[in-house]
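Peer 1: What follows is a predicted protein model with its sequence.
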Amino acid sequence: MIGHSMRTAPATAAQPRRAADWGALGVVCPLCQGALVDAGVSALACTRCGATWPVTCGIPDLRTIGDPYLGLAEDAAAATALASREDALSFAALYAAYYEGNDKVTHDQVVRFTHGVLAAADRATATLETWRELGATIDRAGTVLEVGCGTAPLGVVMAAAGHRVLAIDAGLRWLVLARKRAAERGIDLPVLCANAERLPLRDGGFAATVGESVLENLTDPEAGIAEMRRVTRAGGPVALTTPNRYSLGPDPHLGLLAGGWRSLGALRRHAQRTGQVMPRRRLFSPHELVDALREGGLETIRIALPRFADAQRAGQPPHIDLAIAAYHLARRLPGVRRVVLQVAPTLAVVARSTARST
């Protein structure tokens, strides 16, 4: 829907963007919103407060909160290792390379994560269709912010359709993979390492803010929502998906049925028993999600059941595929839809940024 597709040569560690390029995208110091200037080839400096920020693998690191799963140095090392193989490997192979010798996750988790990542582009397309059903329209002249982009399937799909996108995530390693995913489509996707809870961006600089499965992973979801509202121009859509706390389906992180209904102790015991990483998250029910968005300054909140993409259904056991078919039928029946929403696996929501006080 938005023009201005960015299909120039992908920026890599050998061709990094400069401070002026980031400034043109609305990037500022996360501490004081001062302008940033180049401080050599591997750092940016704030002209107002003097803070300096590293640039790793061509990606500015403007985080004020650490990664919940890896230390900053470990994350930078993982990103650097991936970037060293970025030109030689396909996206799928580079993603697999990240888990080579990784003893923090089980084989079953890697298989589940890989299936999700490889199906993610089709899922992103289905998500965009759901958001459009909820009335999300985006100004063709504006830039879209993707928060918590991960490997950026959503940002890549939007950029391929002609949107201008800035993608951010709190993990440097995922941003190297996001850059590779985009490069395989011939897309130059700007990626920035930052926290959703303290976005290094100017007020009202984006036509829309979008994010798939991001709220539940934030240290402070309320702060993240308030920041999304701050950087989205007044009246612009904030469109999100998040797992439903009361889903009856498999837990998105642990694979356990109805994980959100279980106690934290039960989840920890399951993670220990199966050798999985215990997720650090906060799941929302439909009611809790609407309340959190409203408290964050968003209005005209519409919530719905997202559509499953064909790639998500591929390879699923027959009983799961049958359940998805029944779910899609329920999406079209208003009375049933309201009931299913309470226990559906995922929630899709579109809200509007309110006008900021002066």
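Peer 2: Cool, got the structure.
Peer 1: which stretches of the chain aren't confidently modelled?
Peer 2: Where the chain drops to pLDDT under 70, the residues are 1-15, 355-358.
Peer 1: What segments of it are strands?
Peer 2: Using DSSP state E, the strands of the chain run over 36-38, 43-46, 52-56, 59-60, 143-146, 164-169, 191-193, 208-212, 237-243, 298-304, 346-353.
Peer 1: so can I have TSV of those strands showing mean neighbour count and distance to R123?
Peer 2: In short, each C-beta sits where N, CA and C put it, glycine included. Output for those, formatted as TSV (neighbours: other CB atoms under 10 Å; distance: least, CB to CB, whole Å):
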stretch	mean neighbour count	distance to R123
strand 36-38	18	34
strand 43-46	20	33
strand 52-56	19	29
strand 59-60	24	24
strand 143-146	26	14
strand 164-169	26	16
strand 191-193	26	20
strand 208-212	27	8
strand 237-243	25	9
strand 298-304	17	15
strand 346-353	24	10
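Peer 1: In CSV: these, plus distance to V105.
Peer 2: Listed next are the strands of the chain as CSV, based on distance: least, CB to CB, whole Å:
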stretch, distance to V105
strand 36-38, 35
strand 43-46, 32
strand 52-56, 23
strand 59-60, 23
strand 143-146, 24
strand 164-169, 18
strand 191-193, 21
strand 208-212, 20
strand 237-243, 19
strand 298-304, 32
strand 346-353, 22
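Peer 1: out of those, which comes closest to R338?
Peer 2: strand 298-304 (10.5 Å; CB to CB).
Peer 1: thinking again about what came up before, who wins for proximity to R313 among the strands of the chain?
Peer 2: R313 lies closest to strand 346-353 among the strands of the chain, at 13.9 Å (CB to CB).
Peer 1: strands paired with the closest one, and their directions?
Peer 2: strand 237-243 (antiparallel), strand 298-304 (antiparallel) (DSSP bridges).
Peer 1: Distance to E197 added to the ones you listed, as CSV?
Peer 2: Converted to CSV, the strands paired with strand 346-353 look like this (distance: least, CB to CB, whole Å):
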stretch, distance to E197
strand 237-243, 15
strand 298-304, 16
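Peer 1: contacting residues for S90?
Peer 2: S90 sits next to E184 when contact means CB atoms under 8 Å, 6 or more residues apart in numbering.
Peer 1: repeat for the one 5 residues further on
Peer 2: By CB under 8 Å, 6+ apart, the residues touching Y95 are 114, 117, 151, 177.
Peer 1: can you tell me how far the first one sits from H107?
Peer 2: Spatial separation of T114 from H107 under the definition CB to CB, to the nearest Å is 10 Å.
Peer 1: Comparing those two, which residue is more hemmed in?
Peer 2: Between T114 and H107, counting by other CB atoms under 10 Å, T114 is the more crowded of the two (14 against 9).
Peer 1: can I assume the more buried one is in contact with A97?
Peer 2: No - judged on CB atoms under 8 Å, T114 makes no contact with A97 at a distance of 11.8 Å.
Peer 1: Give me the distance between the closest residue to A78 other than its chain neighbours and A183.
Peer 2: Among residues not flanking A78 along the chain, R173 sits closest, at 4.2 Å (CB to CB, 6 or more residues apart in numbering). Going from R173 to A183 by CB to CB gives 16 Å.
Peer 1: ok, those two, which is more surrounded?
Peer 2: R173 (24 against 19).
Peer 1: correct me, but that one touches L72?
Peer 2: No - contact criterion CB under 8 Å: R173 and L72 do not qualify, at 11.5 Å.
Peer 1: right, and the strands paired with strand 346-353 - which one's nearest L215?
Peer 2: Across those, L215 has its closest neighbour in strand 237-243 (4.7 Å, CB to CB).
Peer 1: between the closest one and strand 208-212, how many degrees?
Peer 2: Per axes from the mean of the first three to the mean of the last three CA atoms, to 10 degrees, the angle that strand 237-243 makes with strand 208-212 is 10 degrees.
Peer 1: send the alpha carbons of strand 237-243 over as CSV?
Peer 2: The C-alpha trace of strand 237-243 is given here as CSV (Å, rounded to 0.1, in the frame of the first residue of the first chain):
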residue,chain,number,x,y,z
PRO,A,237,-2.3,2.6,13.6
VAL,A,238,-0.4,0.5,16.1
ALA,A,239,-0.9,-3.1,15.0
LEU,A,240,0.2,-6.1,17.0
THR,A,241,-0.1,-9.8,17.6
THR,A,242,0.5,-11.6,20.8
PRO,A,243,-0.1,-15.1,22.2
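Peer 1: burial of the closest residue to L94 other than its chain neighbours, as a residue count?
Peer 2: What sits nearest to L94 in space, not counting adjacent residues and going by CB to CB, 6+ apart, is K180, at 5.4 Å. K180 is flanked by 26 other residues according to other CB under 10 Å.
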